[in-house]
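In: Give the three-dimensional model of this entry:
(4 chains)
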2 protein chains.
Amino acid sequence: MNSLTKVIGDYIVTLFDDSEDSEVVLSRKDLARKFGCVPSQINYVLRSRFSPEQGFLIQSQRGGHGFIRIMQLRFADCDEYAEHLEDLVGNAVSEQDARKLLARLQEREAVTPRERLMAEVALRNQDENGRALFGLPAYKRDTMRAELLKKILVSLAMF
Amino acid sequence: MNSLTKVIGDYIVTLFDDSEDSEVVLSRKDLARKFGCVPSQINYVLRSRFSPEQGFLIQSQRGGHGFIRIMQLRFADCDEYAEHLEDLVGNAVSEQDARKLLARLQEREAVTPRERLMAEVALRNQDENGRALFGLPAYKRDTMRAELLKKILVSLAMF
DNA sequence: AGGGCAAGGTCAAAATAAGTCAAGAGAATT
DNA sequence: AATTCTCTTGACTTATTTTGACCTTGCCCT
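Out: Numbers count the residues shown, from 1 in each chain, chains lettered A, B, ... in the order given. Next comes the predicted model:
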């Protein structure tokens, strides 16, 4: 016996299959009517089946012509990826290596150009503060750079 | 099905594309007639889609030869836009206000959810370092937060 | 100068649609 | 049988778009 939640979840998955695209846009109200349930049931489906932890990102808009957009993120296997990053970045990383890694990730379309730029801005900012404000030695800045880079990438991967 | 607001907004964007110029001049009344809506709908489109946060400035004139001019801030105008961000962010900003601003920018689609998340991660990282590592007082962290936020937003604005 | 008309501006109400939260119902586990 | 987890429901909240009534501004014409 399938729960309604499972039925709706499966239906949304078929939408992804059909569209062969990494995103699906739907109307909460219409979906609810289609399955004869209350609208907030859709929220439950999304919470329980299309969460960030499961590799989906949700955008929505209320009001007239409102919508719900479900985006499938590229990294389905978050934990593994996060672990991979730990190895990749290590606990210290030079400015050059950090930049190389970001360039590679952009090439693979794991991050957008804007996201890459933003990461570089944040890293450079931390670096300059560390040097100019606190007079940190290079090795300390390398570890802090690694930490920030990992935080950024892991959050993107898992969210 | 798109909202009228989106249709009109998209239309204005095509005007920018066509003219390959950084400004567009239009008549509120004519636009409203073209899309079969009430004139004040145009004001709503401008407010919600062509706000300063999204890189546009609006000038208008009433009376006999009235017009609405939408100017897109471009690379050349970057200084001006950066100045505007200075005003928006100020030279000190609380964690809450920073988050509110980012939420607003995301709602207006000036930043993606991932970008917003990344910005929040970078801000929180700096904050924690400032507190735990360097014992910075709140006011100092507020100014550093403003600096970083502005750097991030300005860099995205230039993209 | 003053009045008329032709813009554009403001504001708020109505219409529409999504989000939250918690209580209740069912299933599964111990 | 009790407990715990999942699912369903609905009342209440928040957000966006659409519409219209009324206000302001500026040109033009006596």
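In: any idea of the pLDDT on residue A:19?
Out: Looking at residue A:19, its pLDDT is 86.
In: how near is it to DNA strand C?
Out: Here residue A:19 is placed at a distance of 18 Å from DNA strand C (CB to the nearest atom of the strand, to the nearest Å). C-betas here are computed from N, CA, C, even on glycine.
In: Also residue A:10?
Out: 16 Å.
In: Got the phi and psi for that residue?
Out: Per-residue torsions, residue A:10: phi -60, psi -40 (degrees, to the nearest 10).
In: so where is chain A shaky, pLDDT-wise?
Out: Chain A contains residues with pLDDT under 70 at A:1, A:74-82, A:158-159.
In: ok, longest helix in it?
Out: helix A:138-158 (DSSP state H).
In: what does that one contact?
Out: For helix A:138-158, the external contacting residues (CB atoms under 8 Å, 6 or more residues apart in numbering or on different chains) are A:52-53, A:73, A:75, A:78, A:81-82, A:85-86, A:89-95, A:98, A:101, A:105, A:111, A:115, A:119, A:122-123, A:126-127, A:130-131, A:136, B:114, B:117-118, B:121-122, B:125, B:129.
In: could you say which helix or strand contains residue A:60?
Out: Residue A:60 is part of strand A:56-61 when elements are defined by DSSP states H and E.
In: helices and strands around that strand, which ones?
Out: Packed against strand A:56-61 by the contact rule (3 or more CB pairs under 8 Å, 6 or more residues apart in numbering or on different chains; DSSP states H and E) you find strand A:67-72, helix B:113-128.
In: Show me which residues of chain A are close to chain B?
Out: A:57, A:59, A:64-65, A:112-115, A:117-119, A:121-122, A:125-126, A:129, A:134, A:144, A:147-148, A:151-152, A:155-156, A:159 (CB under 8 Å from any CB of the partner chain).
In: For DNA strand C, tell me which of the residues you listed show up nearby.
Out: Taking CB under 7 Å from any atom of the strand as the test, DNA strand C is in contact with A:64, A:65 out of these.
In: buried subset of the residues of chain A next to chain B?
Out: A:57, A:59, A:114-115, A:117-119, A:121-122, A:125-126, A:129, A:144, A:147-148, A:151-152, A:155-156, A:159 (16 or more other CB atoms under 10 Å in any protein chain shown).
In: rewinding a little: quick one, the longest helix of chain A and helix A:113-128 angle?
Out: Angle of helix A:138-158 versus helix A:113-128, following axes from the mean of the first three to the mean of the last three CA atoms, to 10 degrees, is 150 degrees.
In: Show me how chain A divides into domains.
Out: In terms of domains, chain A is parsed into A:4-72, A:78-158 (source: automatic domain parsing).
In: out of those, deepest packed?
Out: domain A:78-158 (a mean of 17; mean count of other CB atoms under 10 Å in any protein chain shown).
In: Which positions in chain A make contact with DNA strand C?
Out: Checking chain A against DNA strand C by CB under 7 Å from any atom of the strand, the hits are A:1, A:27-30, A:39-40, A:42-43, A:58, A:60-68.
In: does the residue of chain A most remote from its centre sit in a helix or strand, and which one?
Out: Distance to the chain centre peaks in chain A at residue A:135, reaching 34.1 Å (criterion: CA atoms, centre = their mean). With elements delineated by DSSP H and E, residue A:135 resides in a region that no helix or strand encompasses.
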